[in-house]
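[1] 3D model of this:
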Amino acid sequence: MTFNSLILIWFDKNKRNLPWRQHKDPYKIWLSEIILQQTRVAQGTAYYLRFADTFPTVRDLAKADETEVLKLWQGLGYYSRARNLHFTAKHIVNELNGIFPENFKDLMKLKGVGEYTAAAIASIAFDEALPAIDGNAFRLYARYFNIHVDISSPQAKKYFFELGKQVIDPNRPGDFNQAVMEMGATICVPVNPKCGICPVNNSCEAIAQKTVELLPIKSKKVKVKQRNFHFLDITAGEKFLIKKRIENDVWKNLYNFPLFETDSIDQQLEELNLNLSLIKEHEEKHILTHQRLQIVFWKANVDEAELKNLAEKLDSEIISQKELEKYPLPRPMEKYFSKKYKV
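    Below is the predicted model of the structure:
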């Protein structure tokens with residue numbers, strides 16, 4: 001049997017019963033693919049169900065307020081995905097009459113949709129025979145064919161895409177791409193792959209050559225930026241200051257306490273002529289893909305008059321704990337409120 005027939009037989013018997021596999025609706029498939037970028041299936045499934053229930057059609061999503069979309073996304077991270085999701089929904093409704101693009105080329109024109117996502121949607125929803133090359137596909141193909149091309153190199157994506165076009169099943173391209181993803185996620189995993197139960201272990205070149213643990217090759221190292229964030233929990237009774245992040249930076253369009261990025265919060269307050277008595281409430285490290293954030297939460301109790309004065313100085317708004325539930329928050333803020341205020 002061929003490589004693609006073997007993994008399709010395996011897929012038919014072992015595929016997980018995931019909600020977006022129950023239909024070929026391009027909107028729901030697109031929604032699942034965007035949510036599952038940088039997200040494990042176990043975590044992403046609950047978010048998919050909430051989004052699909054809240055916004056059952058692309059028109060429903062397009063009509064939503066961005067704050068509502070970001071709030072629903074809260075805790076999933078990589079918030080540019082949510083902003084792109086909302087932007088693209090509005091584009092499809094307003095510019096494409098609510099009709100999803102039906103091929104890889106046109107899907108690639110959508111904001112937030114790259115080659116992998118476009119190929120996944122095109123193959124699953126529209127049976128276009130193009131391979132969806134993600135980390136799972138890189139790993140499975142590199143091992144099965146014993147490929148020593150560095151997957152972080154510029155030529156790797158094209159190399160594996162062309163290989164994928166040769167092996168994809170033209171009659172079941174969507175199932176084939178999902179089978180590759182499923183194999184990479186459950187069998188051909190990065191560490192301690194389950195070669196003993198792999199459906200293609202008899203013809204796997206990496207097993208034959210004893211190179212499984214060496215593949216795929218990835219030499220490029222991610223540069224990690226160190227940053228120091230100081231959040232000011234400035235409170236008057238049950239009211240406090242909160243500010244929308246409008247900069248093109250982490251957590252864009254989410255809300256947090258007034259924030260200073262500095263090595264010395266005391267020096268920063270002195271430079272801004274802010275006379276605040278601060279108590280350190282909490283400190284933590286928050287790891288992002290390319291950034292490591294050292295975060296400190298400082299508490300300052302003030303009266304209502306001073307709170308209004310500081311709101312103007314810090315370009316912030318005053319809200320109560322009861323109003324907080326409608327605001328999308330970065331994960332560190334969400335955890336802080338949960339711990340300190342039981343919100």
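
[2] okay, and Ala206 sits in which element?
    Assessed by DSSP states H and E, Ala206 sits inside helix 205-209.

[3] packing partners of that helix?
    helix 135-144 (3 or more CB pairs under 8 Å, 6 or more residues apart in numbering; DSSP states H and E). For every residue, glycine as well, the C-beta is placed using N, CA and C.

[4] which strands and helices sit next to the helix it packs on?
    helix 156-167, helix 173-186, helix 205-209.

[5] show me the one of these that comes nearest Leu241.
    Leu241 sits nearest to helix 173-186 of all these, at 43.0 Å, using CB to CB.

[6] how about the contacts made by Asp25?
    Applying CB atoms under 8 Å, 6 or more residues apart in numbering to Asp25 gives the contacts Ala125.

[7] for it, phi and psi?
    Asp25 adopts backbone torsions of phi -70, psi 120, taken as degrees, to the nearest 10.

[8] nearest residue to Glu284 in space, please, no chain neighbours.
    Among residues not flanking Glu284 along the chain, Ile295 sits closest, at 5.4 Å (CB to CB, 6 or more residues apart in numbering).

[9] quick check: mean pLDDT across the helix or strand hosting the one you found?
    Assigned by DSSP H and E, Ile295 belongs to strand 291-301. The average pLDDT for strand 291-301 rounds to 96.

[10] just the buried residues of the helix or strand just after it, please?
    Next along the chain after strand 291-301, taking DSSP H and E as the criterion, comes helix 304-313. Neighbour-count burial for helix 304-313 flags 307, 310-311 (criterion: 16 or more other CB atoms under 10 Å).

[11] what does helix 304-313 contact?
    Contacts to helix 304-313, defined as CB under 8 Å, 6+ apart, come from residues 234-237, 239-241, 258, 272, 274, 302, 316-318.

[12] return the distance of the helix holding Ala206 from the chain's centre.
    Averaging C-alpha positions (CA atoms, centre = their mean, to the nearest Å) puts helix 205-209 34 Å from its chain's average.

[13] mean confidence (pLDDT) on that helix, please.
    97.

[14] what's the first helix or strand after it?
    Remark: after helix 205-209, the chain's next helix or strand is strand 225-236, criterion DSSP H and E.

[15] contact partners of that following strand?
    Contacts for strand 225-236 (CB under 8 Å, 6+ apart): 240-241, 256-263, 265, 268, 276, 278, 281, 290-304, 306-307, 310, 314, 332-333, 336, 340.

[16] can you check what angle separates that strand from strand 291-301?
    On the basis of axes from the mean of the first three to the mean of the last three CA atoms, to 10 degrees, strand 225-236 is oriented at 20 degrees to strand 291-301.

[17] name the residues of strand 225-236 that are buried.
    Buried-residue list, strand 225-236, by 16+ other CB under 10 Å: 229-236.

[18] then stretch 332-340?
    In stretch 332-340, counting by 16+ other CB under 10 Å, buried: 332-337.

[19] dump the helix ranked longest in the chain to PDB, keeping only the CA atoms.
    Ranked by residue count under DSSP state H, the longest helix found in the chain is helix 80-95. These are the backbone C-alpha positions of helix 80-95, laid out as PDB (Å, rounded to 0.1, in the frame of the first residue of the first chain):
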ATOM      1  CA  SER A  80      -3.600  39.400  16.600                       C
ATOM      2  CA  ARG A  81      -5.400  36.200  15.500                       C
ATOM      3  CA  ALA A  82      -8.700  37.500  17.100                       C
ATOM      4  CA  ARG A  83      -8.300  41.000  15.500                       C
ATOM      5  CA  ASN A  84      -7.500  39.400  12.100                       C
ATOM      6  CA  LEU A  85     -10.500  37.100  12.500                       C
ATOM      7  CA  HIS A  86     -12.900  40.000  13.100                       C
ATOM      8  CA  PHE A  87     -11.300  42.100  10.300                       C
ATOM      9  CA  THR A  88     -11.600  39.300   7.800                       C
ATOM     10  CA  ALA A  89     -15.200  38.500   8.800                       C
ATOM     11  CA  LYS A  90     -16.100  42.100   8.100                       C
ATOM     12  CA  HIS A  91     -14.200  42.000   4.800                       C
ATOM     13  CA  ILE A  92     -16.000  38.900   3.700                       C
ATOM     14  CA  VAL A  93     -19.400  40.300   4.500                       C
ATOM     15  CA  ASN A  94     -18.800  43.900   3.200                       C
ATOM     16  CA  GLU A  95     -16.600  43.200   0.200                       C
END
